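Chemist: The following block contains a protein sequence and its predicted model.
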Amino acid sequence: MKNNIESENTEGLLQGSNKKRFWTIAVLSLCSTLVLAAVVLNYGIKRHTAGVQSSSGKLLLCSFCGMPLGQTSGCIDGDVVISGKKYPRRLNQETRLCYACGAEQGNFHHKGCKMELCPKCGGTLLTCPCNVETIAKKTKS
């Protein structure tokens, strides 16, 4: 008997305008959850409009291309100089924006990005043991 009383009370709450209100709230909650998930996963979002800022609030610029970090699709092409030999820079192969510098897939990371890979050993460029000297701008041949 107790279960029948509880189910009757529950059904009574979800009738008429209460039922419409319940489903409206449920659908809105689901939609807002999906939007939040898209923002968190960077799907459909091109870049952070505020850019990457220092702790003092100043917009950080790439020392190689001069563009604001997080507001451009990526850095310019160049060569990584390792022990006097030039190697072409690797493109960002991630399926979303680089969380550190904002480079899109298929573009170059900004100079000093902790996610850029070494073209020689494949490790992280900032910490690899390859004796990286600099990143040089490509010269037109």
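Modeler: Structure's in. What do you need? Note that the structure is a prediction, hence the values are computed from the model and not measured.
Chemist: where in the protein is pLDDT low?
Modeler: When the per-residue scores of the chain are filtered using pLDDT under 70, the ranges that remain are 1-16, 31-55, 140-141.
Chemist: quick one, helices of it?
Modeler: Counting by DSSP state H, the segments of the chain that form helices are 2-13, 17-40.
Chemist: Now for Ile25: which residues touch it?
Modeler: Counting by C-beta atoms under 8 Å, 6 or more residues apart in numbering, Ile25 makes contact with nothing. In this view, the C-beta of every residue, glycine as well, is placed from N, C-alpha and C.
Chemist: From Lys19, how far off is it?
Modeler: 11 Å (C-beta to C-beta, to the nearest Å).
Chemist: so how many other residues sit close to the closest residue to Glu104 other than its chain neighbours?
Modeler: The spatial neighbour of Glu104 that comes closest, neighbours along the chain excluded (C-beta to C-beta, 6 or more residues apart in numbering), is Ser73 at 4.6 Å. Using other C-beta atoms under 10 Å, Ser73 has 16 neighbouring residues.
Chemist: same check, this time on Pro68
Modeler: As a burial measure, the neighbour count of Pro68 was computed by other C-beta under 10 Å and equals 18.
Chemist: which residues does it bridge with?
Modeler: Beta-bridge partners recorded for Pro68 (DSSP bridges): Leu61.
Chemist: Over to Val132?
Modeler: Bridge pairing for Val132 - DSSP bridges - gives Ile82.
Chemist: Pretty sure it sits against Gly84.
Modeler: No. Contact between Val132 and Gly84 fails when scored by C-beta atoms under 8 Å: they sit 11.4 Å apart.
Chemist: pretty sure Cys128 contacts Glu116?
Modeler: No. Because the distance of 10.0 Å does not satisfy C-beta under 8 Å, Cys128 is recorded as not touching Glu116.
Chemist: Alpha carbons of stretch 79-96, as CSV, please.
Modeler: Written as CSV, here are the backbone C-alpha positions of stretch 79-96 (Å, rounded to 0.1, in the frame of the first residue of the first chain):
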residue,chain,number,x,y,z
ASP,A,79,63.8,26.7,-38.0
VAL,A,80,64.9,25.3,-34.7
VAL,A,81,68.7,25.5,-34.5
ILE,A,82,70.3,22.6,-32.7
SER,A,83,74.1,22.3,-32.5
GLY,A,84,74.4,24.6,-35.5
LYS,A,85,72.0,22.6,-37.7
LYS,A,86,68.5,23.9,-38.7
TYR,A,87,65.5,21.7,-38.3
PRO,A,88,61.9,22.7,-39.4
ARG,A,89,59.5,23.4,-36.6
ARG,A,90,56.7,21.0,-35.8
LEU,A,91,53.1,22.0,-36.2
ASN,A,92,50.6,21.7,-33.4
GLN,A,93,49.0,18.2,-33.9
GLU,A,94,46.5,18.4,-31.0
THR,A,95,42.8,18.3,-32.0
ARG,A,96,42.1,21.5,-30.1
